[in-house]
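A.B. asks: For reference, the sequence and a predicted model appear below.
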There are 2 protein chains.
Amino acid sequence: MVTADKTPTINDVAKAAGVSKRTVSRVINHSTKVNAQTRERVEEAIRRLNFAPNRQARGLASRRSYLVGLVYDLPTLFIADIQKGILNGLYGSGYELIVHTRHPDDDKVVDDVLQFVSRTKTDGLLLAPPVSEIAELAEALNDIGCFYLQFSSQLSAEPWKQVVTNYLPAITDMTAHLVDHGHRHFGFISGPRDNISSQKRQEAFIQALKQYGLKLPQSLIVEGAFTYDSGMKAAENLLSRPDRPTAIFAGNDEMAFGVMNVADSMGIDIPRDLSVVGFDGTAFANFVIPSLSTIRRQPNAMAQLGASKLIARINEGQDAARAFETMVSPEFVPRESTGPASLERR
Amino acid sequence: MVTADKTPTINDVAKAAGVSKRTVSRVINHSTKVNAQTRERVEEAIRRLNFAPNRQARGLASRRSYLVGLVYDLPTLFIADIQKGILNGLYGSGYELIVHTRHPDDDKVVDDVLQFVSRTKTDGLLLAPPVSEIAELAEALNDIGCFYLQFSSQLSAEPWKQVVTNYLPAITDMTAHLVDHGHRHFGFISGPRDNISSQKRQEAFIQALKQYGLKLPQSLIVEGAFTYDSGMKAAENLLSRPDRPTAIFAGNDEMAFGVMNVADSMGIDIPRDLSVVGFDGTAFANFVIPSLSTIRRQPNAMAQLGASKLIARINEGQDAARAFETMVSPEFVPRESTGPASLERR
DNA sequence: AAATGGATTGCCAGCGGTGGCATCATTCCA
DNA sequence: TGGAATGATGCCACCGCTGGCAATCCATTT
């Protein structure tokens, strides 16, 4: 019932190994200035006593916390996957993950995050989109000397602070797929206007179309809000016009589901009368009928990369972080919601 | 460029307020033994200097960490919502959330969590299902005197350590809904056999049916794995038998999507030929066509309750936690996937 | 007026580590 | 052989805060 023996301290280890606690400290911190035999002796003692250094004391003395923070906005499946990937990347690094999301009461994101950092003393911050795209926040963090890593869609001048998703290849593949199937007339449903990821997706789509000498008229770009309802609204708009597109690319899967629903209730068959493509590639895209062609991101892989990169930067400096990849590329996954363009359009 | 003034310490505040640092400490910790005027003076100084106590130093001295941990298994939308609710509940409490999920390399859950606790020195643990249902883990945590709160489906003898979802009311409503629509012949797709939540759902369903003098024959209970594929398999099984049910209750939404898909490819129309009900009520249930009738849990509310309850227990003891609710009830949300039983059943 | 007692407040040690030296042993070179 | 350079280790203060107790103040009691 009683666990009399409290957790061992560095002193216990020192005594057990017959060295000073300073030496034990050196071993813990992988200092090179320790004799191989001494190190072995200390490590043995650590193992025998099942010693784990006290993070708080370590942090207090060394002015570090051995904590990294994840800042995100909304709880989505994508974020859950990102978080999982981060935990994988952190595994064995000695760092723990502390999470933060904006509280409805806090209107000022920048202040909110700054407070979080000062409260928790995290050694680094992982910024998920769309928080990662806020330029003022990055600036503010730079000012206070806080290490951060953004999961972003826009390459900056400091790539060691980023993991960037390059939309172009996958969107080009997707476009090729549609064009090959005879589509010439496209609609695009964007995310919120000020959302950078959404802008980037749009740009990539336009650029891909250009390669085929095709254009995306402004009138066939409808603003959504990355939500199901907004996808429906946009679809009603796009599908009720006389020159309605034969293929719609939605800025995320959720809006694509909205499109599918509207099409269904308008008697427009997918993929016979309309092809639909989403973006994100969360599991649900595979569950709907017909299954949704989409662009699959790799949250797990990119998060793991990001975590490792941030830790490298914290522990070994900027140059170490530079050695890591920056770009990740999602991939187009064709499924049942895309097919040949119907011959008799309109 | 340089932010010369480092963060203020308790000493700075003490000096500014003209008191000893011990008094400042008392104010921070809401000790009652402080004169009202003194307190005001100190609080003013704290505000003026924008002081926040150093969590590490505080923890080191008081043997607490001001950290609570969330332990979960898989990254799902449900977990993301739970986490969001916890963060809401923790807001303003002075506690931060540190997350942990089982790493594939760790086979022994109990040891893994125990290590996490000893590494991080969390003051409390929030256990999400299915980790929350592991009896050995709860025991082990009790042994080391770790406070925890389980999000569970099974009331224990220590309700101050739990937030329990009571499935019966919603499942009874759902059953009533189906029976009112003429259904008499049901199929049930369970989660993994050893999953306690799944067992509870099954029990509740059986109990609800009993109220109508109806039975759920063992042969119409098919084991799934809470995954889409397993839902499809189970559906193939259920729908290919001569006495196939007119309504299927799936243990979660994801499996229900599998059922819908199989029904579609077998030419079985939902809801005309078959009613389907899911469980979870994540947003996607509303996105499929037809939209899925399901039982909506309230992850946000229950998580917020759980977080507050745990903090109360940590700060004010068991009796304070007793004052909190324990039971939460999900609700049945009828949508398009359920309707009248087809007349000419076989 | 001295004693009593409760309410406030201050002092000092110490939580478990790390940083910056000093120390000591050994090796290398002139 | 002496002296410097190098490697390994130990000593002690200190990181920023809280716990335990002593000290102080003030009102009340006798």
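C.D. replies: It's in.
A.B. asks: contacts and neighbour counts: CA atoms only from here.
C.D. replies: Will do.
A.B. asks: who are the neighbours in contact with the residue lying closest to residue A:288 once chain neighbours are set aside?
C.D. replies: Nearest residue to residue A:288 in three dimensions, chain neighbours excluded: residue B:288, at 5.8 Å (C-alpha to C-alpha, 6 or more residues apart in numbering or on different chains). Going by C-alpha atoms under 8 Å, 6 or more residues apart in numbering or on different chains, residue B:288 touches A:257, A:261, A:288, A:289.
A.B. asks: Dump those into TSV; add secondary structure as well.
C.D. replies: Shown next, in TSV, are the contacts of residue B:288 (DSSP: H, G, I helix; E, B strand; the rest coil):
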residue	secondary structure
A:257	helix
A:261	helix
A:288	coil
A:289	coil
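A.B. asks: quick revisit: separation between the residue nearest to residue A:288 and residue A:264?
C.D. replies: From residue B:288 over to residue A:264 the distance is 11 Å, taken as C-alpha to C-alpha, to the nearest Å.
A.B. asks: What of residue A:331?
C.D. replies: Taking C-alpha to C-alpha, one finds residue A:331 at 27 Å from residue A:264.
A.B. asks: These two: who's more crowded?
C.D. replies: residue A:331 (22 against 14; other C-alpha atoms under 10 Å in any protein chain shown).
A.B. asks: Mind telling me what element the nearest residue to the more buried one once chain neighbours are set aside is part of?
C.D. replies: With sequence-adjacent residues excluded and distances taken as C-alpha to C-alpha, 6+ apart, residue A:331 is closest to residue A:170, at 4.8 Å. Assigned by DSSP states H and E, residue A:170 falls within helix A:168-180.
A.B. asks: give me phi/psi at the closest residue to residue A:77 other than its chain neighbours?
C.D. replies: Spatial nearest neighbour of residue A:77, excluding adjacent residues (C-alpha to C-alpha, 6+ apart): residue B:77 at 4.9 Å. Phi and psi for residue B:77, reported as degrees, to the nearest 10, are phi -60, psi -40.
A.B. asks: so who does residue B:77 touch?
C.D. replies: A:75, A:76, A:77, A:80, B:282.
A.B. asks: Quick one: neighbours of the residue in chain A that chain B sits nearest to, just the number.
C.D. replies: When you check chain A against chain B by C-alpha to the nearest C-alpha, the closest residue turns out to be residue A:98, at 4.2 Å. Neighbours of residue A:98 under the rule other C-alpha under 10 Å: 22.
A.B. asks: same deal with residue A:31?
C.D. replies: Count around residue A:31 with other C-alpha under 10 Å applied: 12.
A.B. asks: my guess is the residue nearest to residue A:331 contacts residue A:329, does it?
C.D. replies: Yes - A contact is recorded between residue A:170 and residue A:329 when judged using C-alpha atoms under 8 Å, the distance being 7.2 Å.
A.B. asks: how much space is there between residue A:51 and residue B:173?
C.D. replies: Taking C-alpha to C-alpha, one finds residue A:51 at 54 Å from residue B:173.
A.B. asks: Identify the residue spatially nearest to the residue of chain A closest to chain B, adjacent ones excluded.
C.D. replies: Closest to residue A:98 by C-alpha to C-alpha, 6+ apart is residue B:98, at 4.2 Å.
A.B. asks: rewinding a little: pull out the buried members of the contacts of residue B:77.
C.D. replies: Buried subset of the contacts of residue B:77 (neighbour count, 16 or more other C-alpha atoms under 10 Å in any protein chain shown): A:75, A:76, A:77, A:80, B:282.
A.B. asks: State the mean pLDDT of stretch A:48-55.
C.D. replies: Stretch A:48-55 shows a mean pLDDT of 92 in the predicted model.
A.B. asks: Now do the strands in the stretch 51-200 of chain A.
C.D. replies: A:67-72, A:96-101, A:124-127, A:148-152, A:162-165, A:186-190 (DSSP state E, counting those that start in this stretch).
A.B. asks: Write out the residues of chain A neighbouring DNA strand D.
C.D. replies: Residues of chain A lying near DNA strand D by C-alpha under 7 Å from any atom of the strand: A:18-23, A:32-39, A:57, A:60-62.
A.B. asks: If any of those are buried, give me the PyMOL selection for them.
C.D. replies: Buried members of those, defined by 16+ other C-alpha under 10 Å, are picked up in PyMOL with:
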select buried, chain A and resi 21+23+38+39+57+60
